[in-house]
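Visitor: sequence below, structure please.
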Amino acid sequence: TVILNVALNSDASLATFTVNGVAVEDTDVVELAPYTTDVEIVAEGTDPDAIVDVVGGTELVAGENLVTVTVTAQDGTVVEYSIILNVALGNDVTFASFQVNGEDVEDGGSVTVEPLTTSVEVAFETTDPEASYEVSGDTGLEVGENVLTVTVTAADGSTSVVYTVTVVVPLNNDASLSLLTVNGVEVADGDSVALEYGTTEAEIVATPTDSEATVDVVGGTDLQPGENVVTITVTAADLETTETVTITLVVALNF
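Guide: Coordinates of the predicted model:
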């Protein structure tokens, strides 16, 4: 009886190694088109009984992506091969979403904000996550039309585009009073103020909350004994909104 002991194969080489049908070798760099997300990798061992494990080649991102091929021979010998898949930067300058204060907007569109608004919140997302953008005109807003721009530059730097939105800040509609006094004493709408007998005039100070609003006071002079109604009308800066406040000046009938 004779026993013939055939040693296990130690061959951990590759007979075939291709990316998208093109032969590659260990440490090669493979250039790929922008936005490539996966490639077909074929790796076959010279020894059909060797075990070949490929890691990488899918979910590719712009820039360098490592692919490793590990070959384990019959006798346990392990050899690792690696290549770099270099996905070129893209030239996409479009946007996936564009919002001003949470409202969807389009290039060339407009959005109206609240009176007295001086800044807005811009939420912008490029289609290509590697593209860059710069926002201008989102602060220092004034009454009327304000131009807001977003400049998008492609990831490869080859091109840029400017998107524009008009932010409209309307005139203030605040017709309230911040202070109302009669002879230096603060009063409110509907109040009655007692005055001494013989008083013919009272000093009425009505200060609007918005300095651009206008105030018209009717009454307060030529007072007569008894009740005298004073009407204060506030017209907001938008020239549409008004608010009326009345107070009664009660002049004593006798000493």
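Visitor: can you pull the phi/psi pair for the closest residue in space to residue 154 that isn't next to it in sequence?
Guide: Take residue 154 and drop its neighbours on the chain: the residue closest to it by Cβ to Cβ, 6 or more residues apart in numbering is residue 91, 4.3 Å away. (Each C-beta comes from the backbone N, C-alpha and C, glycine too.) Backbone geometry at residue 91, expressed as degrees, to the nearest 10, gives phi -120, psi 20.
Visitor: correct me, but residue 91 touches residue 159?
Guide: Yes: under the criterion of Cβ atoms under 8 Å, residue 91 makes contact with residue 159 at 5.8 Å.
Visitor: who has more neighbours out of the two?
Guide: residue 91 (15 against 11; other Cβ atoms under 10 Å).
Visitor: separation between that one and residue 12?
Guide: 42 Å (Cβ to Cβ, to the nearest Å).
Visitor: and residue 249, bridged to which residues?
Guide: Residues in a beta bridge with residue 249, per DSSP bridges, are residue 193, residue 228.
Visitor: surely it touches residue 202?
Guide: Yes: Residue 249 is within contact range of residue 202, at 5.7 Å (criterion: Cβ under 8 Å).
Visitor: can you map out the strands along the stretch 151-255 of the chain?
Guide: 160-169, 177-182, 185-186, 192-195, 204-208, 214-218, 226-235, 242-251 (DSSP state E, counting those that start in this stretch).
Visitor: distance to residue 4 for those - can I get that in CSV?
Guide: Listed next are the strands of the stretch 151-255 of the chain as CSV, based on distance: least, Cβ to Cβ, whole Å:
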stretch, distance to residue 4
strand 160-169, 73
strand 177-182, 107
strand 185-186, 115
strand 192-195, 123
strand 204-208, 109
strand 214-218, 113
strand 226-235, 111
strand 242-251, 109
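Visitor: got CSV for the ones you listed, with mean neighbour count too?
Guide: Below are the strands of the stretch 151-255 of the chain laid out as CSV (neighbours: other Cβ atoms under 10 Å):
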stretch, mean neighbour count
strand 160-169, 17
strand 177-182, 16
strand 185-186, 10
strand 192-195, 14
strand 204-208, 18
strand 214-218, 14
strand 226-235, 16
strand 242-251, 17
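Visitor: what would the ones you listed look like in CSV with distance to residue 35 and mean pLDDT?
Guide: Output for the strands of the stretch 151-255 of the chain, formatted as CSV (distance: least, Cβ to Cβ, whole Å; pLDDT from 0 to 100):
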stretch, distance to residue 35, mean pLDDT
strand 160-169, 18, 97
strand 177-182, 58, 97
strand 185-186, 68, 96
strand 192-195, 76, 96
strand 204-208, 58, 97
strand 214-218, 60, 97
strand 226-235, 58, 97
strand 242-251, 59, 97
